[in-house]
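**Q** A predicted structure for the sequence below; I have some questions about it.
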Amino acid sequence: MTMKRIIAGALAFGMVGGVAQAGEVLKFGHVGKPGSLFEASVEAFATCANDALGDKAEVQTFGSSQLGKDKELLQKLKLGQITFALPSSVMSSVDDTFGVFEMPYIIKDREHMKRVQAKLGDTFQEAAKSKGYRILGYFENGFRNITNNTRPITVPSDLDGIKLRTPKGAWRVKMFKLYGANPTPMAFSEVFTALQTGVIDGQENPYAQIASAKFQEVQKYLSVTGHVYTPAYILTSDKHYAKLSQDIRDELETCAASTQAFVYKHAAELEVSLLKVIEDAGVAVNEADKDAFIEASKPIYEEFAESVDGGQELIDTVLGLAATN
């Protein structure tokens with residue numbers, strides 16, 4: 001058989017040099033541990049996308065910070081080394097507009113968040129694009145609660161002096177300083193060891209992150225504060241995403257939208273089941289005085305309104321969407 005015929009045969013079967021010609025590989029990196037809401041959300045999106053895309057492209061998922069921590073993932077998006085990431089609180093350090101979600105108790109429930117997304121989606125998309133990113137869809141990290149090894153937290157003053165891990169977002173740090181804590185920004189992947197060794201006293205996260213990271217094994221108290229609801233964003237590079245064919249983009253965007261219903265339903269279920277997991281591990285659970293936290297939070301709203309361009313309008317719009325018309 002001539003070399004010409006061998007090459008022609010290889011091309012007919014989509015093979016050159018024994019390597020299959022595959023579709024686009026779309027890497028999705030995130031920080032969620034096995035069993036986390038992040039993992040379930042990303043896997044649901046990937047399943048939807050891969051079923052729809054067939055051999056045109058494949059979404060491959062990498063959790064547990066395998067491809068980097070939040071800041072590294074954001075950089076890799078810009079470089080085109082990954083296609084998607086699922087940032088949450090860190091977005092407030094990307095653009096101040098996302099800091100509105102750092103305002104304590106500003107989001108009341110998931111139906112409220114849906115109305116905010118519908119009303120302000122273009123605003124957040126513009127903010128993301130101004131930094132070179134594009135929001136493909138909205139998932140969630142969830143309602144955050146405080147764990148620590150010092151004492152139950154009922155009112156803000158109970159946080160006095162507690163070394164509390166926070167994400168690397170300026171507004172969360174400001175908030176906990178206001179409450180009297182000693183906030184310590186730290187990558188999520190480092191938190192378990194820091195709690196275990198006493199480098200920090202506590203942290204704040206949704207139940208799904210607490211339980212999947214096994215913080216209940218190294219924490220004594222869980223205080224149900226629900227102080228911040230953090231959306232999570234299916235984020236991509238605006239420049240690199242535009243290079244994908246229109247049919248691939250259409251399928252990805254359809255899956256991003258349709259998977260949100262699963263994410264919200266699963267998140268609500270986890271709030272019940274994982275609280276029991278945490279309690280069964282021997283962690284003492286108490287309800288915080290949310291009114292006291294809301295009252296103590298007024299200065300952070302004032303600072304956001306004064307220091308962020310359009311901050312007061314953002315706050316007013318989000319709060320105005322809290323009640324169903």
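**A** Done, it's in. All of these numbers come straight from a predicted model, not from anything done at the bench. Numbering: from 1, shown residues only.
**Q** helix, strand, or coil at T61?
**A** Recorded secondary structure, T61: strand (DSSP: H, G, I helix; E, B strand; the rest coil).
**Q** doesn't A49 make contact with it?
**A** No - under the criterion of Cβ atoms under 8 Å, T61 is not in contact with A49, lying 10.3 Å apart. The C-beta positions use only the backbone N, C-alpha and C, and glycine is treated the same way.
**Q** the more surrounded of the two?
**A** A49 (23 against 20; other Cβ atoms under 10 Å).
**Q** so that one is in which element?
**A** helix 37-53 (DSSP states H and E).
**Q** identify each buried residue in that helix, please.
**A** By neighbour count, with 16 or more other Cβ atoms under 10 Å as the criterion, the buried positions of helix 37-53 are 37-46, 48-50, 52-53.
**Q** so how far is D201 from the residue nearest to T230 when sequence neighbours are not counted?
**A** Spatial nearest neighbour of T230, excluding adjacent residues (Cβ to Cβ, 6 or more residues apart in numbering): N141 at 4.0 Å. For N141, the distance to D201 (Cβ to Cβ, to the nearest Å) stands at 22 Å.
**Q** out of these two, which sits in the busier spot?
**A** N141 (28 against 24).
**Q** how about that one, phi and psi?
**A** Dihedral pair for N141: phi -100, psi -40, per degrees, to the nearest 10.
**Q** what about R249, is that helix, strand or coil?
**A** helix.
**Q** after the least confident helix or strand in the chain by mean pLDDT comes which helix or strand?
**A** Ranked by mean pLDDT, DSSP states H and E, the helix or strand of the chain with the weakest confidence is strand 19-20, at a mean of 34. Next helix or strand after strand 19-20 toward the C-terminus (DSSP H and E): strand 24-29.
**Q** can you point out the buried residues in that following strand?
**A** For strand 24-29, by 16+ other Cβ under 10 Å, it's L26, K27, F28, G29.
**Q** likewise for stretch 124-140?
**A** F124, Q125, A127, A128, Y133, R134, I135, L136, G137, Y138, F139, E140.
**Q** please apply the same query to stretch 243-256.
**A** For stretch 243-256, by 16+ other Cβ under 10 Å, it's L244, I248, E251, L252, C255, A256.
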